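K.L.:
sequence first, then the predicted structure:
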Amino acid sequence: MIPIARACVCDDYFTLGSDGELCLKPGSMGLRQVISYGDVGTTTFRKASYPWLSRVRVRVQGAGGGSAGANADNNNEAIARPGGAGGAYGEGLIQVAALSATETIIVGEGGSAGGAGSDGGDGGSSQFGGHIFSPGGAGGTSNMPSGTTPSTSQGISGPVSGSGGDFRQGGGASGSALRLNGNVAMAGHGGNSFLGTGGLGRTTQGNGLGPRGRGAGAGGGLSFGGDVDGGRGGDGVVIVELYG
């Protein structure tokens, strides 16, 4: 005769259904999946695709601003541009009961690079449904004239924190641009974001330098004669952590 084994399980994590099936309790499984929505534009999160879902932790990063291009009139004249601002950030834990059947996800696009003498574009906002909204950073300005005398161009203030979630943070301000004479100048760095680092503020002629990571601003363009473009800001991102 073969003895029948008897097993005991912890009822903190398991439940026995009326059909005798042993199941994990919803909410006891911890982190099961992470989805990163990095493509710019709109998509949809569907709650029914995850029948075991108990809650989500959402991280929302707005996009960074682009920087302006520059076009010093002559050789031995200079124009330096400030960088673009970094996008705001927010995150929060949302229980499954508070989620709609579908939630609209928007990933903001990084601000465009300005052409010679043109401002950089503003970064787009990112959001997760009506729960968390994070604005993008403003683009860099093109207000320093060509010349050889000392001049400055103010950096761009970062956006204030958005709305919703348990934690919110505004984007980083960009660096100001400086000209000492027609041969020595420095473009401003891009503003940092929670998930990215702003583009370098260059001291040699060239296009604005792009950021790293997500949501930071571009560094400004710098011209010692001739046309240069600004830099493109970093795209936003929405990260959804799924807990069972």
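P.N.:
Received the coordinates, thanks.

K.L.:
going by C-alpha atoms from here, please, whenever you check contacts or count neighbours.
P.N.:
Will do.

K.L.:
list the contacts of Gly124.
P.N.:
Shown in contact with Gly124 (Cα atoms under 8 Å, 6 or more residues apart in numbering): 62-64, 107-111, 135-137, 235-236.

K.L.:
enumerate every residue touching the residue most central in space within the chain.
P.N.:
With distances taken as Cα atoms, centre = their mean, Gly215 lies nearest the centre of the chain, 2.6 Å away. Contacts for Gly215 were tallied using Cα under 8 Å, 6+ apart; they are 61-64, 86-88, 110, 136, 192-196, 233-237.

K.L.:
rerun that using 10 Å as the cut-off
P.N.:
60-65, 85-89, 108-111, 123-126, 136-137, 171-172, 191-198, 233-237 (Cα atoms under 10 Å, 6 or more residues apart in numbering).

K.L.:
check the gap between it and Phe224 for me.
P.N.:
29 Å (Cα to Cα, to the nearest Å).

K.L.:
packing partners for the helix or strand containing Asn71?
P.N.:
Here Asn71, judged by DSSP states H and E, is contained in strand 70-72. Packing contacts for strand 70-72, counted by 3 or more Cα pairs under 10 Å, 6 or more residues apart in numbering; DSSP states H and E, involve strand 79-80, strand 222-223, strand 226-228.

K.L.:
give me the contact list for that strand.
P.N.:
77-81, 114-119, 142-148, 182, 205-208, 220-230.

K.L.:
if any of those are buried, give me the ChimeraX selection for them.
P.N.:
Selection of buried members from those for ChimeraX, criterion 16 or more other Cα atoms under 10 Å:
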select :77,78,79,80,81,114,115,116,117,118,119,142,143,144,145,146,147,148,182,205,206,207,208,220,221,222,223,224,225,226,227,228,229,230
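
K.L.:
run a quick neighbour tally on Met29.
P.N.:
14 (other Cα atoms under 10 Å).

K.L.:
gap between the residue nearest to it when sequence neighbours are not counted and Gly110?
P.N.:
Of all residues not flanking Met29 in the chain, Gly244 sits nearest, at 4.8 Å (Cα to Cα, 6 or more residues apart in numbering). According to Cα to Cα, Gly244 stands 33 Å off from Gly110.

K.L.:
and what of Gly117?
P.N.:
On the measure of Cα to Cα, Gly117 and Gly110 end up 19 Å apart.

K.L.:
in this protein, which spans are helices?
P.N.:
Ranges of helices in the chain, per DSSP state H: none exist.

K.L.:
where in the protein is pLDDT low?
P.N.:
By pLDDT under 70, the low-scoring segments of the chain are 1-27.

K.L.:
if you set the cut-off to 80 instead, what comes out?
P.N.:
Low-confidence segments of the chain, defined by pLDDT under 80: 1-29.

K.L.:
of the helices and strands packed on strand 70-72, which is nearest Ala48?
P.N.:
Among the helices and strands packed on strand 70-72, strand 226-228 comes nearest to Ala48, with 49.8 Å by Cα to Cα.

K.L.:
same for that closest one, what does it pack against?
P.N.:
strand 70-72.

K.L.:
what residues sit buried inside the strand it packs on?
P.N.:
Ala70, Asn71, Ala72.

K.L.:
show me how far it is from its chain's centre.
P.N.:
Distance, stretch centre to chain centre, for strand 70-72: 29 Å (Cα atoms, centre = their mean, to the nearest Å).
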